[in-house]
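S.K.: Give the three-dimensional model of this entry:
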Amino acid sequence: MNREIVLDTETTGLSPAMGDRLVEIGCVELINHIPSGRHYHVYLNPQRSMPEEAFRVHGLSDEFLADKPLFKSVAQDFRDFLGDATLVIHNAPFDMGFLNAELERSGQRPLGNQVIDTVMLARDKHPGARVSLDALCKHYGIDNSRRTLHGALLDSQILAEVYLELIGGKQVSLALISESRVSGAQAIATRIVAAPRPAPLPSRLLADEFAAHERLVASLGPDSIWAKYAGAMDGGDNNVAAE
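M.R.: You can find the predicted model right below:
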């Protein structure tokens, strides 16, 4: 099973080294590149005021965040959700820098997960093109009309769609779904094996019904499919009920 977590954050600014903090984390789980329906989402109290520039980006005010949990109180739940999954992040150094700064501040070790940076994927696939999330949505025809402000969970959901396009698009998902169905059918076939009957079931045809059928087959001529089938069955027990 290939488990990936598409992740996004919102912050008070651009640099944890300058005292900026996380204010939102959003994650979407993919299993074999298919959204599982599971997600992780939390708003955080940054213990500092929100600069106007950051507020204009995500709309998260001091008043809204005042009663939200501190990062250290959700750190373990967050780590438990991630597990050892590969992280899929747009401009990964930014988000990973903030996450690891918050973990260090909480006395925890940094994240050791493998990381896929979709900015690098997009630059490799579309050299010279703009690779912002909005630009990639436009390129791939992904609806991002709900994205009037940045939001970590919504951006993760949109990024999941962009990521699947970057690695091969809907064909990848369809192939994986088909493979999953085939594997499931094979597993069922392996588990469910019908035991042979100790004796064949008796025919439900009466003798006169069987005789009428033989006359019909004979009337079709010796080259008919029914005649050849009946000839192949002559040597076997037809299990006719003699009544």
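S.K.: Met50 - nearest residue in space that isn't next to it in sequence?
M.R.: Take Met50 and drop its neighbours on the chain: the residue closest to it by CB to CB, 6 or more residues apart in numbering is Asp62, 5.2 Å away. Yep, even glycine has a C-beta here, placed from its N, CA and C like the rest.
S.K.: thought the one you found was touching Glu52?
M.R.: No. With contacts defined as CB atoms under 8 Å, Asp62 does not count as touching Glu52, sitting 11.1 Å away.
S.K.: Tell me the confidence at the residue nearest to Met50?
M.R.: The model reports Asp62 with a pLDDT of 98.
S.K.: quick one, phi/psi of it?
M.R.: phi -60, psi -40 (degrees, to the nearest 10).
S.K.: Run a quick neighbour tally on it.
M.R.: 12 (other CB atoms under 10 Å).
S.K.: before we move on, what about the one 4 residues further on?
M.R.: With neighbours defined by other CB under 10 Å, the count for Ala66 comes to 8.
S.K.: so who does the residue nearest to it when sequence neighbours are not counted touch?
M.R.: Using CB to CB, 6+ apart and skipping the chain neighbours, the partner closest in space to Ala66 is Asn45 (6.6 Å). By CB atoms under 8 Å, 6 or more residues apart in numbering, Asn45 lies in contact with Leu65, Ala66, Asp67, Lys68, Pro69, Leu70.
S.K.: What strand or helix carries Asn45?
M.R.: In the assignment (DSSP states H and E), Asn45 maps to no helix and no strand.
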